[in-house]
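Asker: A predicted structure for the sequence below; I have some questions about it.
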Amino acid sequence: MSDARDTLFRHITMLQLIPRYPGWISTPALKEKLAEHGFLVDIRSLQRDLGQKLSSQFPIGCDDSQINSLPIYTNSSVSISACCASL
């Protein structure tokens, strides 16, 4: 599989793993779940994907208000299964 395609499937999987509000998932927990799905990515790349790429297109919220804590993410309202049905 090409790198671009791997990235696309990783992003789709990430969006599926982020729970709807008021649920949340921490960055390390998301990293672990992605690894269970076969996607090995470091924390910083994961944060970049969420903060710069996906949150500009999808209603993903980030709570990084805890000092010395990694951000937690929540999915406000997007339905990934409906969004990706045409793929």
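Answerer: Done, it's in.

Asker: only C-alpha atoms from now on, for both contacts and neighbour counts.
Answerer: OK.

Asker: ok, now how distant is R10 from I43?
Answerer: R10 is 14 Å from I43, where distance means C-alpha to C-alpha, to the nearest Å.

Asker: any idea of the pLDDT on the residue most central in space within the chain?
Answerer: The centroid of the chain falls nearest to M14 when counting by C-alpha atoms, centre = their mean (3.5 Å). In the predicted model, M14 carries a pLDDT score of 93.

Asker: so which strand or helix has it?
Answerer: For M14, the host element (DSSP states H and E) is helix 3-17.

Asker: show me where the chain has helices.
Answerer: Secondary structure of the chain, counting by DSSP state H: helices at 3-17, 27-36, 43-48, 80-83.

Asker: can I get those in TSV including distance to D63?
Answerer: Output for the helices of the chain, formatted as TSV (distance: least, C-alpha to C-alpha, whole Å):
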stretch	distance to D63
helix 3-17	16
helix 27-36	11
helix 43-48	12
helix 80-83	21
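
Asker: among these, which gets the worst mean confidence?
Answerer: Among these, helix 80-83 scores lowest, at a mean of 38.

Asker: tell me the buried residues in stretch 6-21?
Answerer: R10, H11, I12, T13, M14, L15, L17, I18, P19, R20 (16 or more other C-alpha atoms under 10 Å).
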